[in-house]
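Peer 1: here is the input, now give the coordinates:
(one chain, ligands or ions: 2)
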Amino acid sequence: MPEEGLALHHIGVRFGGLTALDDVSLRVPAGRVVGVIGPNGAGKTTLFNVVCGIVAPVAGSLTLDGRALRPRPHRLAGIGIARTLQGIGLFAGLTVLENVMAGAGRLARSGFGAALFGLPRSDRDERRLRTWAYEVLDGLGIAGHAHAAPGTLPFAVQKRVGLARALAARPRLLLLDEPAGGLAADDVDELAALIRQLPRQATDPCAVLLVEHHMDLVMSVCDEIVVLDFGRVIATGSPAEIRDDPAVADAYLGAADTGADTPGPDPDSGTGDVGSHTATAHSDAVDARSDAAASHSDAVVAHSDAVEAGPRVDGVTS
Ligand SMILES: Nc1ncnc2c1ncn2[C@@H]1O[C@H](COP(=O)(O)OP(=O)(O)O)[C@@H](O)[C@H]1O
Ligand SMILES: [Mg+2]
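Peer 2: Numbers count the residues shown, from 1 in each chain. Ligands and ions are numbered 1, 2, ... in the order given. Have a look, this model is predicted:
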């Protein structure tokens with residue numbers, strides 16, 4: 001049987017002397033929503049960056065539908081993979097609609113960039129893209145904001161525009177890194193409903209790889225959950241299996257023990273973030289390092305986006 005979808009095989013990543021991922025294998029089959037959870041520092045973002053081609057593994061391999069995959073950040077769209085950016089990652093100088101059109105750029109046959117900047121290329125393509133971008137916005141319930149500048153919109157709407165921008169490329173696999181970050185509970189519920197229906201869409205059904213601290217979201221949307229701890233997979237299973245797995249509870253309790261007010265893994269607790277292993281100056285340093293890695297990787301993507309669609313201004317909100 002051919003191996004459908006994305007698969008990671010025995011992936012290892014090292015940062016200097018630190019093993020960030022060790023023998024990590026997982027699959028995201030077509031039509032499924034797969035979540036990756038784990039305490040801070042477990043390796044979630046590193047794993048995400050491996051799939052995006054931002055971090056190169058020192059061991060293991062990736063496959064897409066059974067064929068070797070060497071992801072490159074600027075070539076993901078071409079192979080049907082889209083990601084939302086940490087932060088929001090919209091072009092501040094473009095309207096919501098234009099941002100989504102930019103996301104759909106790979107669909108344009110005759111150079112969407114040219115059309116966007118008014119060069120004489122193809123009016124017909126531009127109209128087609130515009131119609132499609134409206135449809136995507138409408139599907140996410142935000143077509144009414146099409147002509148707004150992203151920076152003027154509430155955070156939750158901006159996040160949704162980011163999602164529309166990713167979906168406009170009609171991906172068959174969507175990568176989400178902490179999409180619930182900064183959202184209020186109601187917004188998280190709406191996001192969950194949106195994510196759940198992505199694999200079930202009549203047109204362009206899309207698998208999802210979701211890296212997320214937010215336990216409620218992961219438990220409610222994922223078909224399968226992979227739990228990382230210290231860079232290793234400690235459990236894989238359905239939300240119910242993960243909830244009942246003593247090794248998972250141990251990992252989170254270990255994390256919660258050291259952080260005074262960090263919530264535990266209780267999936268029904270309605271709380272968001274999970275604990276970190278060490279609530280000390282050391283872990284702050286660790287976080288600072290991975291933040292630096294994240295902004296670096298955004299810079300990489302920003303550069304490649306700029307090549308495709310003009311100037312990118314990140315962080316249109318503070
Ligand atoms: N660019 C980097 N350089 C050095 N260490 C890193 C880098 N990125 C991540 N790490 C380390 O790898 C481990 C996993 O980090 P990360 O993937 O960010 O975890 P998570 O997203 O689960 O919180 C942490 O110990 C982190 O400090
Ligand atoms: Mg992370």
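
Peer 1: so, low pLDDT: which residues of this protein?
Peer 2: Applying pLDDT under 70 to the chain flags the ranges 1-3, 86-87, 105-122, 255-318.

Peer 1: where along it do the strands fall?
Peer 2: With strands called from DSSP state E, the chain shows them at 6-15, 18-28, 33-37, 59-64, 67-69, 81-83, 173-177, 207-211, 224-229, 232-237.

Peer 1: want to throw the ones you listed into JSON lines with mean neighbour count and distance to ligand 1?
Peer 2: Bear in mind the C-beta positions are built from the backbone N, C-alpha and C, glycine included. Putting the strands of the chain into JSON lines (neighbours: other CB atoms under 10 Å; distance: least, CB to the nearest ligand atom, whole Å) gives the following:
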{"stretch": "strand 6-15", "mean neighbour count": "18", "distance to ligand 1": "3"}
{"stretch": "strand 18-28", "mean neighbour count": "20", "distance to ligand 1": "4"}
{"stretch": "strand 33-37", "mean neighbour count": "25", "distance to ligand 1": "8"}
{"stretch": "strand 59-64", "mean neighbour count": "16", "distance to ligand 1": "15"}
{"stretch": "strand 67-69", "mean neighbour count": "12", "distance to ligand 1": "20"}
{"stretch": "strand 81-83", "mean neighbour count": "23", "distance to ligand 1": "15"}
{"stretch": "strand 173-177", "mean neighbour count": "23", "distance to ligand 1": "8"}
{"stretch": "strand 207-211", "mean neighbour count": "25", "distance to ligand 1": "7"}
{"stretch": "strand 224-229", "mean neighbour count": "24", "distance to ligand 1": "6"}
{"stretch": "strand 232-237", "mean neighbour count": "17", "distance to ligand 1": "11"}
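
Peer 1: okay, those strands in JSON lines with distance to ligand 2 next?
Peer 2: Shown next, in JSON lines, are the strands of the chain (distance: least, CB to the ion, whole Å):
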{"stretch": "strand 6-15", "distance to ligand 2": "13"}
{"stretch": "strand 18-28", "distance to ligand 2": "11"}
{"stretch": "strand 33-37", "distance to ligand 2": "10"}
{"stretch": "strand 59-64", "distance to ligand 2": "19"}
{"stretch": "strand 67-69", "distance to ligand 2": "22"}
{"stretch": "strand 81-83", "distance to ligand 2": "14"}
{"stretch": "strand 173-177", "distance to ligand 2": "7"}
{"stretch": "strand 207-211", "distance to ligand 2": "7"}
{"stretch": "strand 224-229", "distance to ligand 2": "10"}
{"stretch": "strand 232-237", "distance to ligand 2": "16"}
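
Peer 1: and of these, who's closest to Asp245?
Peer 2: The closest of these to Asp245 is strand 232-237. By CB to CB, the value is 4.7 Å.

Peer 1: mind putting the strands of the chain into JSON lines with distance to Gly162?
Peer 2: As requested, the strands of the chain are exported to JSON lines (distance: least, CB to CB, whole Å):
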{"stretch": "strand 6-15", "distance to Gly162": "21"}
{"stretch": "strand 18-28", "distance to Gly162": "20"}
{"stretch": "strand 33-37", "distance to Gly162": "18"}
{"stretch": "strand 59-64", "distance to Gly162": "23"}
{"stretch": "strand 67-69", "distance to Gly162": "24"}
{"stretch": "strand 81-83", "distance to Gly162": "10"}
{"stretch": "strand 173-177", "distance to Gly162": "10"}
{"stretch": "strand 207-211", "distance to Gly162": "14"}
{"stretch": "strand 224-229", "distance to Gly162": "24"}
{"stretch": "strand 232-237", "distance to Gly162": "28"}
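
Peer 1: once you drop chain neighbours, what's closest to Asn49?
Peer 2: Closest residue to Asn49 in three dimensions, ignoring its sequence neighbours and counting by CB to CB, 6 or more residues apart in numbering: Val55, at 4.0 Å.

Peer 1: that neighbour reaches Thr46, doesn't it?
Peer 2: Yes - using CB atoms under 8 Å, Val55 is in contact with Thr46, at 5.8 Å.

Peer 1: mutual contacts of these two, please.
Peer 2: With contacts defined as CB atoms under 8 Å, 6 or more residues apart in numbering, the residues shared by Val55 and Thr46 are Val13.
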